[in-house]
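Enquirer: Okay, sequence plus prediction incoming.
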Amino acid sequence: MGYDIEEPYGPLIETTVRVATWNVWDRYGPYEEREAAIVEILREAAPDVLVLVEAWEDGDDSLAARLGRALGLPHAVFGGSGAGAVPGARSGIAILSRWPQARTGERPLGDQAGGDGGLAVYADVRGPRGPVHVFGVGLGYKLGHSGRRQEQVRDLAAHVRETAGRDAPAVVAGDFNADPGSDEIRMLTGRAAVGAAGVVFYDAWEMAGDGTPGHTWSNANPWARPVLWPDRRIDHVFSAWPRAGGAGHPVRCALLGVEPVNGVVASDHYGVLADLRY
């Protein structure tokens with residue numbers, strides 16, 4: 001069959017899945033007030049899939065469980081063994097979803113020595129129109145560690161290639177600690193040699209944001225300002241180049257948590273919300 005210049009993916013899917021990612025800053029700062037703000041913001045946003053970075057787990061209690069109950073996202077996986085803000089608790093990555101998760105897992109990314117390794121948590125989310133492969137990601141945070149993050153991206157791309165089929169949307173979301181012009185992000189968007197053959201993504205903000213820089217780490221945020229880092233867009237929703245019907249193509253992208261709730265900014269990062277064809 002010849003190439004259809006008018007509908008190269010076939011008729012476009014008009015329905016969407018809503019994906020959000022947010023580094024929620026563990027339990028630092030005035031946590032009770034921050035958690036209330038996080039819940040209010042996410043309840044209004046109403047994601048179908050939510051990736052949390054610096055989520056906490058403490059015995060039988062966890063942020064994933066609390067948000068799952070509040071937001072109607074009953075299915076969750078948590079990965080990571082980092083020390084949390086509260087002694088004895090764990091900090092890591094959680095994926096919450098409105099629909100069941102058929103397979104889950106986690107994979108360290110890059111060299112874990114030196115305390116600046118990366119992590120990917122995976123969930124095969126079984127939605128009403130088929131699976132969505134979701135990878136929650138946290139890359140090393142140090143400004144001078146672009147080389148390490150590039151190694152982590154290579155591991156991530158290999159993980160996506162071997163885990164997610166090409167028959168359903170693949171979404172990679174989280175805190176990458178790198179802006180769109182960095183070598184590590186260019187590897188994901190096809191502007192540099194990709195981390196694994198055939199693994200390349202749309203940047204939801206670039207495709208469907210409001211045209212502003214979209215900084216998720218901003219000196220306008222009182223929790224971020226004391227760190228003395230530049231404004232950057234380092235939290236991302238990426239989706240694999242579309243499948244049949246344009247599945248995975250971003251049609252809308254917005255920031256979360258920019259405005260305070262009851263006088264409290266919810267986290268040191270702003271979140272990212274994306275609607276993808278599904």
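Expert: Perfect, I can see it now. Residues are numbered from 1 along each chain as shown.

Enquirer: From Val134, how far out is Cys122?
Expert: To be clear, residue 122 is Tyr; Cys isn't right here. Distance, Tyr122 to Val134, using Cβ to Cβ, to the nearest Å: 7 Å. The C-beta positions use only the backbone N, C-alpha and C, and glycine is treated the same way.

Enquirer: Look at these two and report which has more neighbours.
Expert: When Tyr122 is set against Val134 and neighbours are counted by other Cβ atoms under 10 Å, the residue ahead is Val134, at 28 against 23.

Enquirer: Confirm the more buried one sits in a strand?
Expert: Yes. Membership of Val134 in a strand is supported by DSSP: H, G, I helix; E, B strand; the rest coil.

Enquirer: Show me the beta-bridge partners of it.
Expert: Ala123, Val171 (DSSP bridges).

Enquirer: re the thing from before, between Tyr122 and Val134, which contacts overlap?
Expert: Applying Cβ atoms under 8 Å, 6 or more residues apart in numbering, one finds that Tyr122 and Val134 are jointly contacted by Ile95.

Enquirer: these two touch, right, Tyr278 and Ile13?
Expert: Yes. With contact defined as Cβ atoms under 8 Å, Tyr278 and Ile13 form a contacting pair (6.6 Å).

Enquirer: Overlap in contacts, those two.
Expert: Counting by Cβ under 8 Å, 6+ apart, the contacts common to Tyr278 and Ile13 are Ala247.

Enquirer: which residues of the stretch 151-278 of the chain fall in helices?
Expert: Under the criterion DSSP state H, counting those that start in this stretch, helices of the stretch 151-278 of the chain are mapped to 183-189, 204-208.

Enquirer: what about Ala36, distance to Ser91?
Expert: Going from Ala36 to Ser91 by Cβ to Cβ gives 20 Å.

Enquirer: of the two, who's got more company?
Expert: Set Ala36 next to Ser91 and count neighbours by other Cβ under 10 Å: Ser91 wins out with 22 against 16.

Enquirer: bridging residues for that one?
Expert: Following DSSP bridges, Ser91 is listed with bridge partners Trp56, Gly82.

Enquirer: Who has more neighbours out of Tyr278 and Ile13?
Expert: Tyr278 (26 against 21).

Enquirer: Which element, helix or strand, includes the nearest residue to Gly174 once chain neighbours are set aside?
Expert: Nearest residue to Gly174, sequence neighbours excluded (Cβ to Cβ, 6 or more residues apart in numbering): Val137, at 3.7 Å. Assigned by DSSP states H and E, Val137 belongs to strand 130-138.

Enquirer: Tell me the helices and strands packed up against that strand.
Expert: Under the contact criterion of 3 or more Cβ pairs under 8 Å, 6 or more residues apart in numbering; DSSP states H and E, strand 130-138 touches strand 16-23, strand 49-58, strand 90-97, strand 118-127, helix 146-163, strand 170-175.

Enquirer: If we go by neighbour counts, what in that strand is buried?
Expert: Neighbour counts over strand 130-138 (16 or more other Cβ atoms under 10 Å) mark Pro131, Val132, His133, Val134, Phe135, Gly136, Val137, Gly138 as buried.

Enquirer: Just the CA coordinates for it, please, in CSV.
Expert: The C-alpha trace of strand 130-138 is given here as CSV (Å, rounded to 0.1, in the frame of the first residue of the first chain):
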residue,chain,number,x,y,z
GLY,A,130,-5.4,-0.7,25.0
PRO,A,131,-2.1,-0.6,26.8
VAL,A,132,0.1,2.4,27.6
HIS,A,133,3.7,1.7,28.4
VAL,A,134,4.7,4.2,31.2
PHE,A,135,8.3,4.8,32.4
GLY,A,136,8.8,7.1,35.4
VAL,A,137,12.3,8.5,35.3
GLY,A,138,14.7,10.3,37.6
